[in-house]
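# A structural model of the following input is requested.
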Amino acid sequence: MQMIPKITGILVIWLSFSCSSLIPVQNLSREALNGIGMFKEIGYNFHTACLEECTFSKVSQFEIEREENCACDTYLMADEEVNNLYFALMDYWEGLYQLSSMEMNQYNLNRPASTLAASNLIAFKEDQLLAFQKLSELSLKAVTGQYRKNRIKSYMKEADPYQQIISEKLVFVLKENLLGLMEIQNEAWYSFYKSMSYDPSLNTINKASAAREYYNLLGEHKAQANQIKVLIEAIALISEEHHSLVASDFKFNSTNFKAEIGRMSKDLRTLHHAYEQFKK
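Numbering: from 1, shown residues only. So this is what the prediction gives:
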């Protein structure tokens, strides 16, 4: 009978050590979730770009209709695909967080299972579709308790190539597609307002008002573009750090592992501060 308290004590000590040894992994996951989570605060997407272009075109041609009548369904589909990429990364990091903590089955995965599909704006290669599927499967196993805590390293190693592919695709779409649409709109604004400055039928007050309107639009776009650029940096940083840790065959409680997490945390806080400044 005296052995039971001793065994219980040993188990308590072992569990405490196990939990504390995984704190760096929890910190890593939390920082990644906060960094990638900046995505949901961005007030600009493909649908917004379509509405901007459509309404500006109507305004510049003095078209007055009872409704906007903007054909933006393709852009809504593009936003859905971008959201799928975002959630794939968030689900992975949430899975890692739960594996490294005692909080199993707390994450809400009630949204319908999603799949990637090419659209007129976003194309996907076979390896990207496979990466999305595999990362989603791994994440689901982690958050539903099907992936054992003592296999955290395996979870990270197995997911690493997939999280790299999804991160790279999301970065590409944000940088080349979304920011590209914004630049096209900026050029349309420039051409329109520049022509107004040469219009002899407009007086100085009219031209000054047009210039003010142009720079207000441009300033809003610049702030949104800077937010997107910061998000791109954060996603790339997190993906690269994950790959670096996996490639180094890390030990969770090692000094090097903790130092890497500390550096990433500092870099992400700097990016998050910059992101908040662009919101003002």
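# going forward, measure contacts and count neighbours with C-alpha atoms only.
Noted.
# how about the secondary structure of Phe250?
Here Phe250 is recorded as coil under DSSP: H, G, I helix; E, B strand; the rest coil.
# for the chain, give me the ranges with low pLDDT.
1-21, 102-115, 117-118, 143-150, 252-253, 280 (pLDDT under 70).
# kindly list the longest helix within it.
Ranked by residue count, the top helix of the chain under DSSP state H comes out as helix 204-247.
# roughly how far apart are Val171 and Glu81?
Distance from Val171 to Glu81, counting by CA to CA, to the nearest Å: 13 Å.
# more neighbours: the two, which one.
It is Glu81, of Val171 and Glu81, that has more neighbours when counted by other CA atoms under 10 Å, with 23 against 20.
# which stretches in the stretch 51-200 of the chain count as helices?
Residue ranges of the helices in the stretch 51-200 of the chain, as given by DSSP state H, counting those that start in this stretch, are 73-99, 126-143, 152-172, 179-197.
# which stretch among those helices comes nearest Leu231?
Shortest distance between Leu231 and the helices of the stretch 51-200 of the chain, using CA to CA, is found for helix 152-172: 8.6 Å.
# what's next to the closest one, contact-wise?
Residues outside helix 152-172 that contact it (CA atoms under 8 Å, 6 or more residues apart in numbering) are 82, 85-86, 88-89, 96, 99-100, 127-128, 131-132, 134-135, 138, 147, 232, 235-236, 239-240, 242-243, 246.
# which of those residues are buried?
Buried subset of those (neighbour count, 16 or more other CA atoms under 10 Å): 82, 85-86, 88-89, 96, 99-100, 128, 131-132, 134-135, 138, 147, 232, 235-236, 239-240, 242-243, 246.
# one step back: mind putting the helices of the stretch 51-200 of the chain into JSON lines with distance to Asn226?
Shown next, in JSON lines, are these (distance: least, CA to CA, whole Å):
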{"stretch": "helix 73-99", "distance to Asn226": "18"}
{"stretch": "helix 126-143", "distance to Asn226": "27"}
{"stretch": "helix 152-172", "distance to Asn226": "14"}
{"stretch": "helix 179-197", "distance to Asn226": "10"}
